[in-house]
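Engineer: following is a predicted model, sequence given first.
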Amino acid sequence: MPGHAPTTEMLADYASGAASPGLALLVAAHLTHAPESRTRVEAFEAVGGALLADEPVVSMSAAALDEVLARLDGDGSPPMAPACAAGPLPRPVIDAVGRDFDQIPWKFRLPGVAEYELDGFAGEKVSLLRARPGARIPQHTHEGRELTLVMAGAMKDGDDIYEAGDVAINTEDDDHHPQIVGNETCYCLIVMSGGLRFTGPFSRVLNLLAE
């Protein structure tokens, strides 16, 4: 089970349909790995249905939400996992890409690192990253929020290890230098709401190349 999930707010936005298209895709892909998050999304959907059925609309307390979650946890029937695609990418991602995994036209970005950018996500940059074992992403920060879902393999970011289903959340307050660990190729889904700025060695050249 993933140890790094999207925030409660992200899961609630997904359940209510308020999530941006990029965030919605990332959460949908995360849910294929994460039964606990699926339970929480079902709870939010149940709460939303109850609020729509009852007027006037009122806020639900944290205690009430915990009670709904406890009921879902105790019913003895874990939520069904969404269908997964063959290969390292979850079905929601393959559907968004619109082609089979072995037909994705990866573009070289750095030694051991390739990227494929998805179209149709206004205001967000949504891309797939393929990184070989031992690959390192140069030190950088952000001009907004960056969400990284590990779909296969493992990534070390700071003191944390992210594996399949885990989500790394970084903002303009973070300056980081992710690296791929283990023996598997790492596949990530990345959703950014702003630009990326390199800050480490050779940052001037890297920032020019990234423009």
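Structural biologist: Sure thing, it's come through. Numbering: from 1, shown residues only.
Engineer: near the residue nearest to G165 when sequence neighbours are not counted, how many other residues are there?
Structural biologist: Leaving aside its chain neighbours, G165 sits nearest to H33 (2.8 Å; criterion: Cβ to Cβ, 6 or more residues apart in numbering). All C-beta atoms are positioned from the backbone trio N, CA, C, and that covers glycine. Residue crowding around H33 was assessed by other Cβ atoms under 10 Å; the count is 23.
Engineer: and G120, by the same measure?
Structural biologist: 10.
Engineer: please apply the same query to P105.
Structural biologist: Neighbours around P105, by other Cβ under 10 Å: 7.
Engineer: from memory it sits against E115, does it?
Structural biologist: No. Assessed by Cβ atoms under 8 Å, P105 is found out of contact with E115, at 10.4 Å.
Engineer: find me the pLDDT at D175, would you?
Structural biologist: pLDDT, D175: 79.
Engineer: how close does it sit to A135?
Structural biologist: From D175 over to A135 the distance is 19 Å, taken as Cβ to Cβ, to the nearest Å.
Engineer: who has more neighbours, the two?
Structural biologist: A135 (21 against 14).
Engineer: re the thing from before, got a pLDDT number for the residue nearest to G165?
Structural biologist: Listed pLDDT for H33 reads 95.
Engineer: just give the closest residue to P88, not the sequence neighbours.
Structural biologist: Closest residue to P88 apart from its sequence neighbours, by Cβ to Cβ, 6+ apart: A152 at 3.6 Å.
Engineer: beta partners of the one you found?
Structural biologist: A152 has the following beta-bridge partners by DSSP bridges: Y187.
Engineer: could you do E115 as well?
Structural biologist: Beta-bridge partners for E115, by DSSP bridges, are K107, L129.
Engineer: my guess is it meets I104, correct?
Structural biologist: No. Using Cβ under 8 Å, E115 makes no contact with I104, being 10.3 Å away.
Engineer: need the longest helix for this structure.
Structural biologist: Longest helix of the chain, by residue count under DSSP state H: helix 35-53.
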